[in-house]
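> The sequence and its predicted three-dimensional model are supplied below.
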Amino acid sequence: MKGKIVVFVFFTALIVSSQKREGTIYFKDGTKKVGYIRNRSDIITSKDRLEFRISKKSKEISEFKYTDISKIDFNNATSENIFAIFYYKTLMENSENMLEVSLIYKGYVSLYRHIGYFENSQGGGGSITEYYVQKGEENIVKIFPGKVLGKSSETLMKSFFEDCPKLVELIDRKAFKMFVANSPSLAKKRHTNRIIEIVKYYNSKCSGSN
């Protein structure tokens, strides 16, 4: 049953990503276009283009570079919908590539989520939720899950927040894990809320913006 659910989620997500959906493209130069959009959800290279039509049945297709786009806002989205608003951010470990992410928490250090999809050798597939942080206008850095990069998430977090020794100490002591686990309102989404609490601590106690 679990395998069937994962495959269903995998194919449903891919269908949502590949369909033309009504929305607004916001460009970095301040302009915007409203129409029907087909966007990518995986790693984006400099060769990739977003497809745009004025109307759903329009035969005229325009293509735009992702590097020129700030975000996409789909008109039928809600705040709880992970497919609502997409931002396009350059990766720190490979500045040639961009990633489509959704904003989870905004501050001097902002937190973003990326939903990745994969296929396995049996022909099925699944999804993986990844979390990235961005300090100011720097490129985004992955901090969870760490095992994909061969390091623990704690190691990645301590490296990113190394300019805040008190926060590093709290991560070492697993203080945020315990705080979330003991808070009924936070425990249901413990991974997300733990990372949010870490980012909030940094912004309130350690960032140079204070």
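Looks like it arrived, so ask away. Note that the structure is a prediction, hence the values are computed from the model and not measured.
> could you pull out the strands for the protein?
21-27, 32-38, 49-53, 62-65, 69-74, 85-90, 98-105, 109-119, 125-135, 141-144 (DSSP state E).
> now, of those, which is deepest in the fold?
Each of the strands of the chain was scored by mean neighbour count; the highest is strand 141-144, a mean of 22, by mean count of other Cβ atoms under 10 Å. Where C-beta positions appear, they are placed from N, C-alpha and C, glycine not excepted.
> Tell me which strands that strand pairs with, and in which orientation.
Looking at strand 141-144 with DSSP bridges, its partner strands are strand 125-135 (antiparallel).
> Alpha carbons of the partner strand, in PDB - could you do that?
The C-alpha coordinates for strand 125-135 follow below in PDB (Å, rounded to 0.1, in the frame of the first residue of the first chain):
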ATOM      1  CA  GLY A 125       9.200   6.500  -7.900                       C
ATOM      2  CA  GLY A 126       8.800   8.900  -5.000                       C
ATOM      3  CA  SER A 127       9.400  12.400  -3.700                       C
ATOM      4  CA  ILE A 128      11.900  14.000  -1.400                       C
ATOM      5  CA  THR A 129      11.600  17.300   0.500                       C
ATOM      6  CA  GLU A 130      14.700  19.400   0.600                       C
ATOM      7  CA  TYR A 131      15.400  22.600   2.600                       C
ATOM      8  CA  TYR A 132      17.600  25.400   1.500                       C
ATOM      9  CA  VAL A 133      18.700  28.700   3.200                       C
ATOM     10  CA  GLN A 134      19.600  32.000   1.700                       C
ATOM     11  CA  LYS A 135      21.500  34.700   3.500                       C
END
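> so who does the residue nearest to residue 21 when sequence neighbours are not counted touch?
Leaving out its chain neighbours, the residue that sits closest to residue 21 by Cβ to Cβ, 6 or more residues apart in numbering is residue 74, at 5.4 Å. By Cβ atoms under 8 Å, 6 or more residues apart in numbering, the residues touching residue 74 are 21, 22, 23, 37, 83, 84, 85.
> one step back: can you put the strands of the chain in TSV and add distance to residue 182 and mean pLDDT?
Shown next, in TSV, are the strands of the chain (distance: least, Cβ to Cβ, whole Å; pLDDT from 0 to 100):
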stretch	distance to residue 182	mean pLDDT
strand 21-27	40	93
strand 32-38	43	94
strand 49-53	44	93
strand 62-65	47	94
strand 69-74	36	91
strand 85-90	32	91
strand 98-105	21	92
strand 109-119	22	87
strand 125-135	22	88
strand 141-144	20	92
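> possible to save these as JSON lines with distance to residue 199?
Formatted as JSON lines, the strands of the chain follow (distance: least, Cβ to Cβ, whole Å):
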{"stretch": "strand 21-27", "distance to residue 199": "24"}
{"stretch": "strand 32-38", "distance to residue 199": "29"}
{"stretch": "strand 49-53", "distance to residue 199": "29"}
{"stretch": "strand 62-65", "distance to residue 199": "30"}
{"stretch": "strand 69-74", "distance to residue 199": "20"}
{"stretch": "strand 85-90", "distance to residue 199": "15"}
{"stretch": "strand 98-105", "distance to residue 199": "6"}
{"stretch": "strand 109-119", "distance to residue 199": "5"}
{"stretch": "strand 125-135", "distance to residue 199": "7"}
{"stretch": "strand 141-144", "distance to residue 199": "9"}
